[in-house]
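Enquirer: how would this look folded up:
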Amino acid sequence: MTFHYENYSSSGYLQYHYSDNTATMHLDRIVSHTKGFGTDGYRHMMKAVFERNIPSITTDASFSSHVFHTFMGMIPLHNHGLSSVKLQFGNCGLKALTAALQLNDCESLEELDKFLAKNGKLLKIILLYYQGEDSDYDEVQPLTLEEFKQNKEAFEEIQTKTEPYIQTIFLPNIMHNRIPQESGMRRSTEVLTSVMMKMSPEGMARWRESIEENKPFVPFKDLSHLRIYMDNDQLNSL
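Expert: Next comes the predicted model:
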């Protein structure tokens, strides 16, 4: 079942649909050329949500809409774990670590020794980083075969180490871009690409209060609905 909401005076258009299979209201698209229509459109949709007692609202945020949907009370649908090695050292770091462990498991020691001759310095830097050692990486000597075998369990732990998506990727972009520049324009969050989002419990509660008491909705510009995902540095930067 698809719904539309239009406001010709503000040149705005909103489309959303309800799925019986998932019991979810999904915001398909929102187009606005006038400030204020987005919040007005959300209010119209949330009224329908409460009238039908729908438990969940989702949307696929993309381009530069992430900040807007976050201010409306939405949060990422999933907080999946991301490879820590890939985040810190890129694909080359993860591939080097994975290949070294595979060669070791296959007991291809001669091949592993050759591999370390080319990739040993990178692996040594990865090891030192996760051991918390503050070293001059330019002076780091390549990891030897014996050192790799001695630290095999540590490398296996490093390979499986993950970092939460919301804290590591989503929040830094939102926090950096939520305040307009001097020009009045926000920086782009396109780097986040497509993010499936859902209405947070705090968002549901604030929208219900706003609608039932017939008062303006207060956007989550303080990101209070995301604070449970923040580390201490992020909390202190608010």
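Enquirer: so what pLDDT did Tyr13 get?
Expert: pLDDT, Tyr13: 75.
Enquirer: check the secondary structure at His44 for me.
Expert: Using DSSP: H, G, I helix; E, B strand; the rest coil, the structure places His44 in helix.
Enquirer: how many neighbours does it have?
Expert: Using other CB atoms under 10 Å, His44 is surrounded by 16 other residues. Quick note: C-beta positions are derived from backbone N, CA and C, even for glycine.
Enquirer: so it is in contact with Leu14, correct?
Expert: Yes. Applying CB atoms under 8 Å as the test, His44 and Leu14 come out as touching, 6.9 Å apart.
Enquirer: span of stretch 75-88 from start to end?
Expert: This stretch, stretch 75-88, spans 24 Å end to end (CA to CA, to the nearest Å).
Enquirer: how about it, which residues are buried there?
Expert: 75-76, 83-86, 88 (16 or more other CB atoms under 10 Å).
Enquirer: kindly report the same for stretch 231-238.
Expert: Gln234.
Enquirer: so how far is it from its chain's centroid?
Expert: Averaging C-alpha positions (CA atoms, centre = their mean, to the nearest Å) puts stretch 231-238 16 Å from its chain's average.
Enquirer: quick one: the residue most central in space within the chain from Gly38, how far?
Expert: When CA atoms, centre = their mean is applied to the chain, the residue found nearest the centroid is Phe170 (3.1 Å). Phe170 sits 20 Å away from Gly38, taking CB to CB, to the nearest Å as the criterion.
Enquirer: what do you get for Pro142?
Expert: 55 Å.
Enquirer: which of these two has more residues huddled nearby?
Expert: Gly38 (21 against 15).
Enquirer: so the more buried one makes contact with Phe68?
Expert: Yes. In this structure, Gly38 is within contact of Phe68 by CB under 8 Å, at 5.9 Å.
Enquirer: how about the residue nearest to the centre of the chain, phi and psi?
Expert: phi -70, psi -50 (degrees, to the nearest 10).
Enquirer: so it makes contact with Met197?
Expert: No. Using CB under 8 Å as the test, Phe170 is too far from Met197 to be in contact (9.6 Å).
Enquirer: now do the shared contacts for those two.
Expert: Pro76 (CB atoms under 8 Å, 6 or more residues apart in numbering).
Enquirer: now the residue sitting furthest away from the middle of the chain: which helix or strand?
Expert: Most distant residue from the mean C-alpha position of the chain: Glu110, 41.2 Å away (CA atoms, centre = their mean). Glu110 is part of helix 109-130, with elements assigned from DSSP states H and E.
Enquirer: buried residues in that helix?
Expert: Under 16+ other CB under 10 Å, the buried positions of helix 109-130 are 112, 115-116, 119-127, 129-130.
Enquirer: what helices and strands are in contact with the next helix or strand after that helix?
Expert: Note on helix 109-130: by DSSP H and E, the next helix or strand toward the C-terminus is helix 145-150. Counting contacts by 3 or more CB pairs under 8 Å, 6 or more residues apart in numbering; DSSP states H and E, helix 145-150 packs against helix 84-105, helix 109-130.
Enquirer: go with 10 Å
Expert: With contacts defined as 3 or more CB pairs under 10 Å, 6 or more residues apart in numbering; DSSP states H and E, helix 145-150 has these neighbours: helix 84-105, helix 109-130, helix 152-160.
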